[in-house]
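Trainee: Have a look; sequence and predicted model below, questions after that.
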Amino acid sequence: MSTTPALVSALRELGDRPAVVADGRAISGIGLLLGVSPPGGLPRALARRVAEHAALPPSAARAAEQRLRYWAGVLGPPPIRHTLLHPVTDLAVDLALATLLAGGTVHCGDPGQRPEQQLDAVATARATHLSLPSALLWRLSRQPGLTTRDLGALRLVLHVGPEPRQEDVYAAVDALGAVLAHVRAPDSNTEAADRRLRADADGASAAAWKYGIGVTAEQLRDFGAQLDRAVLTALLHTLQQNGVLTDPARGYPEAEVLAAAMVVPAQRPRVAHWLDALARHGLLARQDGGAQGPVFRGGPGPDAAEVREAWRPAVETWADGLGPAAALDRVRRGALRLPRLITGQEAPRPASSPVRWAAARGYLGAALGALVRGTAEAHQGPGPLRVLELDPEGGEPAVTRALAVRPRPSTEHHQAPDGGRYDLVIATVDGHTPQEVPALVRLLSPGGRLLLLAPTAEQLDLLITGDAPGPAARPAEHWRTELTAAGCATVLSLPEDGHPMALLGQRLFAARVD
């Protein structure tokens, strides 16, 4: 019976072939046995364990290798090109040693790199196996441009972390096309923080529950369709009463529409957004006009009486307990002023929030207050809870009330960044640039939370009363993906998917960074 440890035999069999690849440098099996140490934390820890293992007496080596054989069995048959995107942990070292025992090659990735660099490294290595923390897997699987990389060799992904959500697993399988195997990590500060956020979100949902009493999904869908129809009808009538967009046989270049409606320069972007919305919703047809820009075709449109009638069903549905009458009246009055607004006869009025926000505000305010309160109660110091509230309207009363529960010296409530990091950032999406979400996440301290109010459905009434076209609306999954890609380990949303209040097109996203 051989007295040579099996791991040592496996490294000898690898010979001059690469055993470990780190930072572009390959170390052979013989090199590892001779004590060559690759750069980086995990590669050095791996080389140290190889040296320790080679010095073990045979009985001790066989006992140590039992655990490695288990992991080698999980990895399966060769070929194995195993990329580890792991910080230095005993499990990461065991997975690397198990790869070597199975005759494979270990590629040590950098868990601190940008996601696109990590994916490039996996593709370049033609990795068959990938091991990484669960939170990083969810982040990578939602990266844009993932399908442009050749990950066809990938067979197995081992992710280490708390019990995963099924939607995260499905998204990762679809994105990577590999089998996923979950390794439950021991309870950690990260897992405790994750549980606390989920518990706080459940508490917030319970606190906001009463604001959805009596509101049905059918009622909200009806109101949304009625409001959008009334808004679009008003926009079309405003333009057509100037003698354009009425002849289906004729195309009208955008410049001609603006000139016929006597739109002043300051209001041209607004009217351009009207034309875009009318075309997207089928009230106009749009064609490419080449150098002259888009060309629009219309047809016989509504008269003044039909415009007034279009508001009636929206008013009746809104009055059935959805929100204050003033919120919808403001839009109706704004529609009557449109001809004077676009011609410069009347000055623009301050932009207002979408009508649906008036219906969602009670629910979202209660949920936001509960989440802020839960964050404050969980804060252990040593310093004060640093809160940054970026609200374009000057602050949410629910936030102030929630923070007032704690003694004032324990909380710093900021309305603008001061160059530091924050335990809690509260923000409302008001423009959406590609860097808006990452910029908010970068304001968080380790373990910090971001509470983000974001539009998840188009709010056409902002074409009348807002700074058109208003904040960019994206589906809830888009915001979850952006937050995950920006480094948030956990992302929850209120109301939850399928909740009737979600049809109001405003969501509160609660996200956490490690």
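Mentor: Great, that's in hand.
Trainee: Tell me where the stretch 251-400 of the chain has helices.
Mentor: Per DSSP state H, counting those that start in this stretch, the stretch 251-400 of the chain carries helices over the ranges 254-260, 268-280, 304-318, 325-336, 338-342, 355-378, 397-404.
Trainee: what's the most buried one of the ones you listed?
Mentor: Of all the helices of the stretch 251-400 of the chain, helix 355-378 has the most neighbours on average by mean count of other Cβ atoms under 10 Å, namely a mean of 23. Placement of C-beta: from N, CA and C, glycine included.
Trainee: Quick one: work out the angle between that one and helix 325-336.
Mentor: 130 degrees (axes from the mean of the first three to the mean of the last three Cα atoms, to 10 degrees).
Trainee: If you count contacts, what does helix 355-378 end up packed against?
Mentor: Packing contacts for helix 355-378, counted by 3 or more Cβ pairs under 8 Å, 6 or more residues apart in numbering; DSSP states H and E, involve helix 189-208, helix 217-240, helix 325-336, strand 385-390, helix 397-404, strand 422-428, strand 444-455, strand 506-512.
Trainee: And the ones you listed, which one averages the lowest pLDDT?
Mentor: Out of the helices and strands packed on helix 355-378, helix 397-404 stands lowest, with a mean of 81 (criterion: mean pLDDT).
Trainee: Mind listing residues that contact that one?
Mentor: By Cβ atoms under 8 Å, 6 or more residues apart in numbering, the residues outside helix 397-404 that reach it are 365-366, 368-370, 372-373, 376, 387, 389, 411, 413, 426.
Trainee: Could you list the low-confidence segments of the chain?
Mentor: Scanning the chain with the threshold set as pLDDT under 70 gives 1-3, 38, 186-188, 381, 392-395, 405-409, 430-435, 468-471.
Trainee: and of the helices of the stretch 251-400 of the chain, who's closest to residue 292?
Mentor: With Cβ to Cβ as the measure, helix 254-260 is the member of the helices of the stretch 251-400 of the chain nearest residue 292 (6.9 Å).
Trainee: so how far is residue 260 from residue 345?
Mentor: Using Cβ to Cβ, to the nearest Å, residue 345 is found at 16 Å from residue 260.
Trainee: For stretch 490-502, which outside residues touch it?
Mentor: Stretch 490-502 is contacted by residues 135, 194, 197-198, 201, 204-205, 208, 211-212, 215-217, 220, 360, 363-364, 367, 456, 476, 479-480, 483-484, 507-512 when judged by Cβ under 8 Å, 6+ apart.
Trainee: and what of stretch 13-26?
Mentor: 11, 27-32, 38-40, 42-43, 46-47, 96, 100, 103, 105-108, 125.
Trainee: circling back to that earlier point, just the buried ones among the contacts of stretch 490-502, please.
Mentor: Buried by 16 or more other Cβ atoms under 10 Å: 135, 194, 197, 201, 204-205, 208, 211-212, 215, 220, 360, 363-364, 367, 456, 476, 479-480, 483-484, 507-512, out of these.
Trainee: just to revisit the earlier point, which of the contacts of stretch 13-26 are buried, as a PyMOL select command?
Mentor: Buried members of those, defined by 16+ other Cβ under 10 Å, are picked up in PyMOL with:
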select buried, resi 11+27+28+29+31+32+38+40+42+43+46+47+96+100+103+105+106+107+108+125
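Trainee: The contacts of stretch 13-26 in helices, which ones?
Mentor: Among those, DSSP state H puts 11, 29-32, 42-43, 46-47, 96, 100 in helices.
Trainee: Just flag the most distant two among the residues you listed.
Mentor: 30 and 42 (20.5 Å).
Trainee: so what's residue 138 up against?
Mentor: Contacts of residue 138 (Cβ under 8 Å, 6+ apart): 168, 171-172, 484, 489.
Trainee: Apologies, that question was intended for residue 359.
Mentor: Residue 359 touches 215, 220, 322-323, 504, counting by Cβ under 8 Å, 6+ apart.
Trainee: farthest-separated two in these?
Mentor: Distance extremes for those: the farthest pair is 220 and 323 at 11.1 Å, using Cβ to Cβ.
Trainee: and the gap between residue 56 and residue 64?
Mentor: Between residue 56 and residue 64 the computed distance is 7 Å (Cβ to Cβ).
Trainee: What of residue 170?
Mentor: Where residue 64 is concerned, residue 170 sits at a distance of 37 Å (Cβ to Cβ).
Trainee: higher neighbour count, those two?
Mentor: The neighbour count for residue 170 versus residue 64, taken as other Cβ atoms under 10 Å, is higher for residue 64 (18 against 12).
Trainee: Return the residues in contact with the more buried one.
Mentor: Contacts of residue 64 by Cβ under 8 Å, 6+ apart are 53, 56.
Trainee: Now residue 123: closest residue in space that isn't a chain neighbour?
Mentor: Once flanking residues are discounted, residue 123 sits nearest to residue 149: 4.4 Å by Cβ to Cβ, 6 or more residues apart in numbering.
Trainee: Among the helices of the stretch 251-400 of the chain, which comes closest to residue 449?
Mentor: Nearest to residue 449 among the helices of the stretch 251-400 of the chain is helix 355-378; the distance by Cβ to Cβ comes to 5.5 Å.
Trainee: what separates the nearest residue to residue 389 once chain neighbours are set aside from residue 117, distance-wise?
Mentor: Nearest non-adjacent residue to residue 389, counting by Cβ to Cβ, 6+ apart: residue 426, 4.5 Å away. As judged by Cβ to Cβ, residue 426 and residue 117 stand 31 Å apart.
Trainee: got CSV for the contacts of residue 359, with distance to residue 164 too?
Mentor: What follows is the contacts of residue 359, written out as CSV (distance: Cβ to Cβ, whole Å):
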residue, distance to residue 164
215, 33
220, 32
322, 37
323, 38
504, 30
